[in-house]
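Peer 1: Dropping the sequence and predicted coords here.
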Amino acid sequence: MKFRNFKMVDYVVYGRGCFDQVDEIIAPHRKGDAPMVFLLDHFFENNNELKARIPVRANDILVIADVDHEPKTSYVDEVSQMLKDKFGTVSGVIGIGGGSTMDLAKAVSIMMTNPGKAQDYQGWDLVKNKSVYKVGIPTLSGTGAEVSRTTVLTGPTRKLGMNSDFTPFDQIVLDPALTKDAPKNQRFYTGMDCFIHCVESLKGTFINEFSRSYGEKAQDLCEEIFLHKDNWDEESDEQLMMASYAGGMSIAYSQVGVAHAISYGLGYLLGTKHGIGNCIVFNHLQDYYPEGVATFHKMLKKNDIYIPEGITKGLTDEQFDIMINVSLGMAPLWENALGKDWQTIMTREKLRAIYEKL
Ligand code: NAD
Ligand code: ZN
C-alpha cells in the first residue's frame, strides 16, 4: 500500500475582514516591476467598494474574469497569452471569486511558467514547472477549490482538471464577509457541492480517518446551515466557508463519487454548471446514497429550492453516448464509489438509464 503524500496550500488566513491584509501578505512576493494580476469575478465588476480595497499598485493589473461559462482551456490560454505579451512575466496571480475564478487563477498561474497549451496539462501530474505565486480568495463557499490540488477545465476533448502538486494555491484568504451578497439559489447550489463532496467521500471505498474527520465536520456544518437554521446570518457565511475548506480537505485523501462522475457528462455536453449539475444528479441517486439523498430532499424543501427536471429529454443516442463516455472516463471517482469492480456494476445501460431520468 502506497499512501498519498499530498501537497497543501502553504498559507491560510481566516477571519471577517482579513481581505484587507492582502496588500501586506503579497508584498514580499513582488518581483521588481513584474505586476501582480488580480483576476476578479465579473459579479464584482461594478462593486466600487470592493474594488477600492484591492491593492492594485504600480504595474499591477485588474482583469475581470468572465465566468458566464465555467473555465475553458482556451480562455486560460487567452488570459495567460495576454499577460505574457503585455508583461513577459508576472509576480503572481490572485483569483477573487467563486470556484470558476479561483480555478482560472490556478490555471493561468501554471501557464505563465509552462510551455504549450492548457489542454496539454489536463490529467494527473502532467504540469512540469512550478507556477508563479498564486492566491485564492473565495467569494462563494462550497467547491473546496481553495484547498484542492486540481483546477477543473473544459478542453476540446474532455472536461478534466490539471491535477498536480503545482496546482494548490500558495496562499488562501478566507474572509466570510466576501460571501454575504451571494443570491440564495447560487449559495445553495455551491453549498450543496460541499454537502455532496462529504457524502461521496464518507460513503466511498477510499475513506480513511483523515478524510472522515474533515468530511463529518463539513457535513454537520452543512446540515446545521441548510436544515436546522431558520435564517441566514453572518455565522452561516462563516460556517459554510469552513465547511467548504473541510470538505475539500476530506477529498484530498479520498475522492468524489457517482454524482460528480455523472455531472461531468452533463457539464461537458450541455454546459450545466457544477453546483446545479451535481444537485440535478444527486436528486436521483437514492439507490447509491439513500441517507444523503433523503437529507438533500429535506434541505430542498426547507430552503424552498427547485431543481430542474427533464434536462436530457430529447437528446439523441449520440449525445447520450458522449455523456456516458465522459462519465465513465472518471475511473477514480467510480472506483471510490463502487469499488474495484465498478466496471461490472456501472454498465453503459445502467448509466444511460440514470441520464434519462435527469
Ligand atoms: P462559479 O464560480 O461558477 O460562480 C457562479 C456565479 O456566481 C457566477 O455568475 C459568479 O459571477 C457569481 N458569484 C461569485 N461570487 C459571488 C458572490 N459573492 N455573490 C453573488 N454572486 C457571486 O460558482 P462555484 O459554484 O463557486 O464554482 C463552480 C466552479 O468550481 C466550476 O467551474 C467547477 O468546475 C469548479 N470546481 C472546482 C473544484 C476544484 O477542486 N478545483 C471543485 C469543485 C468545483
Ligand atoms: Zn464538486
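Peer 2: Sure, I can see it. Ligands and ions are numbered 1, 2, ... in the order given.
Peer 1: residues touching the closest residue to residue 117 other than its chain neighbours, list them.
Peer 2: By the measure of C-beta to C-beta, 6 or more residues apart in numbering, the closest residue to residue 117 outside its immediate chain neighbours is residue 77, 5.5 Å from it. Heads up, the C-betas are built off the backbone N, CA and C, glycines and all. Neighbour list for residue 77: 111, 117, 118 [criterion: C-beta atoms under 8 Å, 6 or more residues apart in numbering].
Peer 1: ok, of those, which one's closest to residue 170?
Peer 2: When the contacts of residue 77 are compared for distance to residue 170 (C-beta to C-beta), residue 111 comes out closest, at 16.1 Å.
Peer 1: That closest one and ligand 1: what is the separation?
Peer 2: Distance of residue 111 to ligand 1, computed by C-beta to the nearest ligand atom, to the nearest Å: 16 Å.
Peer 1: before we move on, what about residue 154?
Peer 2: Between residue 154 and ligand 1 the distance is 8 Å, computed by C-beta to the nearest ligand atom.
Peer 1: List the beta-bridge partners for that residue.
Peer 2: On DSSP bridges, the residues paired with residue 154 through beta bridges are residue 72, residue 159.
Peer 1: State the pLDDT value of it.
Peer 2: The predicted local confidence for residue 154 comes out at a pLDDT of 93.
Peer 1: Please tabulate the contacts of residue 77 in CSV, including the columns pLDDT, neighbour count and secondary structure.
Peer 2: What follows is those, written out as CSV (pLDDT from 0 to 100; neighbours: other C-beta atoms under 10 Å; DSSP: H, G, I helix; E, B strand; the rest coil):
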residue, pLDDT, neighbour count, secondary structure
111, 98, 27, helix
117, 98, 17, coil
118, 98, 25, helix
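Peer 1: As JSON lines, the residues you listed with distance to residue 212 would be great.
Peer 2: Shown next, in JSON lines, are those (distance: C-beta to C-beta, whole Å):
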{"residue": "111", "distance to residue 212": "36"}
{"residue": "117", "distance to residue 212": "39"}
{"residue": "118", "distance to residue 212": "34"}
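Peer 1: Skip the chain neighbours and tell me the closest residue to residue 164.
Peer 2: Spatial nearest neighbour of residue 164, chain neighbours left out: residue 127 (4.0 Å); criterion: C-beta to C-beta, 6+ apart.
Peer 1: Any idea how far stretch 274-292 is from the middle of the chain?
Peer 2: Relative to the mean C-alpha coordinate of its chain, stretch 274-292 is positioned 17 Å out (C-alpha atoms, centre = their mean, to the nearest Å).
Peer 1: No more questions from me, cheers.
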